[in-house]
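**Student:** 3D, please:
(one chain, ligands or ions: 1)
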Amino acid sequence: MVKHKKDIRALTKEQLRDFFTSEGDQAFRGNQVYEWLWQKSAHSFDGMTNLSKQTREMLDKNFVINHIEVDQMQRSNDGTIKNAVKLHDGLIVESVLIPTETRTTACVSSQVGCSLDCKFCATARLKRMRNLNPDEIYDQVVSIDRQSRLYFDRPLSNIVFMGMGEPLMNYNNVLKAIEKITSKEGLGMSPKRITVSTSGVPKMIKKMADEAVKFNLAVSLHSAIDETRTSIMPFNATFPLHDLREALQYWYQKTKNRITYEYVVWQGINDTKKDVEALVKFCRFAPSKVNLIEYNPIDDGQFQQASDAAITMYQNILEENGITVTVRRSRGKDIDAACGQLANKS
Ligand code: SAH
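**Tutor:** Below is the predicted model of the structure:
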């Protein structure tokens, strides 16, 4: 009978050390292997050159190293790179490298598909297939870091969890991945350069606050009026704005880390003065800033970006009320790599 081999990257360093002791070897081999797996992103035991051939064969008999494969890479006119990433079971997710003059940002996926059903998002049509494992999230970051060094001559500087999926519905794995990304034994990146973006799951926001996480929080708000928000983000019926507000206040109290609201203005949906006023009021609940993001059409005509006048109105009213607001242009639209366009067209 073929022995089922375990994915070695599911083991903690302690478990790896224990494994070696149980094999009659020394615990520190566990540290060596751990370093190969994470810091050096080894994809085979063969390449672990400081281990004896015998040890490498023994590992190969017991474990596999599951890893992602960049299946297809597309480059946009503006430098943005979109990767179709193949997982060990053949499923595909997408990750995006977004370059600016001074930064390279990785936009990574946390789930295959998504369990939420935001009406304006292409990923929502895929439904959720499964959660990504910590190593599958970590690997997306590693591959974008490599692309950044190769094409832009600098390391990756920032990470946003704004790819496919709802990170807070895959909370444990996202946190484990971030732990590896920020640890010296992984990529050693500062958590201040990481942003987790959520549609707003109150219970999980509170949990994050309790765990005193150091990364940034972005909330895809899009409307501060329940009725409107529920019509475009139906799960708002289950997690209404009042609960979200309470969770965000708790978040700020515990972390002292200001919140970013992601916000798209659509024609006929949230483009009136009443909508902005509701947003202003919502922003007062906890220190925050607003990113007005451009709508990226997902070819169904149901949603249209609001007029420039409406966006200027938002900007003016927010500024008059002392709220920081930025208007963000989309990147990578020509290759369907922009927010909300990730849907495995390939
Ligand atoms: N589920 C998480 C992260 C993925 S979505 C969240 O909701 O935050 C990443 C961002 O893209 C969110 O702010 C989302 O609201 C936005 N988005 C989704 N579809 C979009 C579209 N078609 N155009 C512009 N932004 C979109």
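
**Student:** Please make it C-alpha for all contacts and neighbour counts, starting now.
**Tutor:** Noted.

**Student:** what domains does the record give for the chain?
**Tutor:** 7-64, 69-335 (automatic domain parsing).

**Student:** Identify whichever of those lies nearest to residue 341.
**Tutor:** Nearest to residue 341, of all these, is domain 69-335, at 5.2 Å by C-alpha to C-alpha.

**Student:** Over to the closest one now: how far is its first residue from its last?
**Tutor:** Length of domain 69-335, first residue to last, C-alpha to C-alpha, to the nearest Å: 20 Å.

**Student:** Does the ligand have contacts with that domain?
**Tutor:** Yes - contact of domain 69-335 with the ligand (C-alpha under 6 Å from any ligand atom) involves 120-121, 162-166, 197-199, 219-220, 262, 294-298.

**Student:** of those, buried ones?
**Tutor:** 120-121, 162-166, 197-199, 219-220, 262, 294-298 (16 or more other C-alpha atoms under 10 Å).

**Student:** mind checking which helix or strand residue 98 is in?
**Tutor:** strand 92-99 (DSSP states H and E).

**Student:** What's the nearest residue in the stretch 1-150 of the chain when you look at the ligand?
**Tutor:** In the stretch 1-150 of the chain, no residue comes nearer to the ligand than residue 121, which is 3.6 Å away by C-alpha to the nearest ligand atom.

**Student:** give the contact list for that residue.
**Tutor:** Residues near residue 121 by C-alpha atoms under 8 Å, 6 or more residues apart in numbering: 298, 340-341.

**Student:** Same check on residue 115?
**Tutor:** 124, 127-128, 165-166.

**Student:** Nearest to residue 257 among the residues you listed?
**Tutor:** So of these, ranked by how close each gets to residue 257 (C-alpha to C-alpha), first place is residue 166, at 20.7 Å.

**Student:** quick one: that closest one and residue 111 touch, right?
**Tutor:** Yes - between residue 166 and residue 111 there is a contact at 6.8 Å, judged by C-alpha atoms under 8 Å.

**Student:** sorry, back to before: just the ones in helices from the residues of domain 69-335 next to the ligand, please.
**Tutor:** Per DSSP state H, helices hold no members of the residues of domain 69-335 next to the ligand.

**Student:** ok, and for the longest helix seen in the chain, which residues are buried?
**Tutor:** Ordering each helix of the chain by length in residues (DSSP H) puts helix 134-152 first. Neighbour counts over helix 134-152 (16+ other C-alpha under 10 Å) mark 134-145, 147-148, 152 as buried.

**Student:** tell me the mean pLDDT for that helix?
**Tutor:** If you average the pLDDT over helix 134-152, you get 96.

**Student:** Please save the CA atoms from it in CSV.
**Tutor:** Provided in CSV are the C-alpha atoms of helix 134-152 (Å, rounded to 0.1, in the frame of the first residue of the first chain):
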residue,chain,number,x,y,z
PRO,A,134,-0.8,29.3,5.2
ASP,A,135,2.0,28.1,2.9
GLU,A,136,-0.1,28.9,-0.2
ILE,A,137,-0.5,32.5,1.0
TYR,A,138,3.1,32.7,1.9
ASP,A,139,4.2,31.3,-1.4
GLN,A,140,2.3,34.0,-3.3
VAL,A,141,4.2,36.6,-1.4
VAL,A,142,7.5,34.9,-2.1
SER,A,143,6.9,34.6,-5.8
ILE,A,144,5.9,38.3,-6.0
ASP,A,145,9.0,39.3,-4.0
ARG,A,146,11.1,37.4,-6.6
GLN,A,147,9.3,39.1,-9.5
SER,A,148,9.9,42.5,-7.9
ARG,A,149,13.6,41.8,-7.6
LEU,A,150,13.8,40.5,-11.1
TYR,A,151,11.7,43.1,-12.9
PHE,A,152,12.0,46.2,-10.7
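
**Student:** Report all helices and strands that it contacts.
**Tutor:** Packing partners of helix 134-152 (3 or more C-alpha pairs under 8 Å, 6 or more residues apart in numbering; DSSP states H and E): strand 92-99, strand 104-107, helix 171-182.

**Student:** which residues make contact with the longest one from outside it?
**Tutor:** Outside helix 171-182, the residues that touch it by C-alpha under 8 Å, 6+ apart are 38, 110, 132-135, 137-138, 167-168, 186-191, 204.

**Student:** List just the nearest of the contacts of residue 121 to the ligand.
**Tutor:** residue 340 (3.0 Å).

**Student:** pretty sure residue 274 belongs to a helix, no?
**Tutor:** Yes - assessed with DSSP: H, G, I helix; E, B strand; the rest coil, residue 274 lies in a helix.

**Student:** which residues in the protein form strands?
**Tutor:** 6-7, 63-64, 69-75, 81-86, 92-99, 104-107, 111-112, 130-131, 158-161, 194-198, 216-220, 259-263, 288-293, 324-328 (DSSP state E).

**Student:** Great, nothing more from me.
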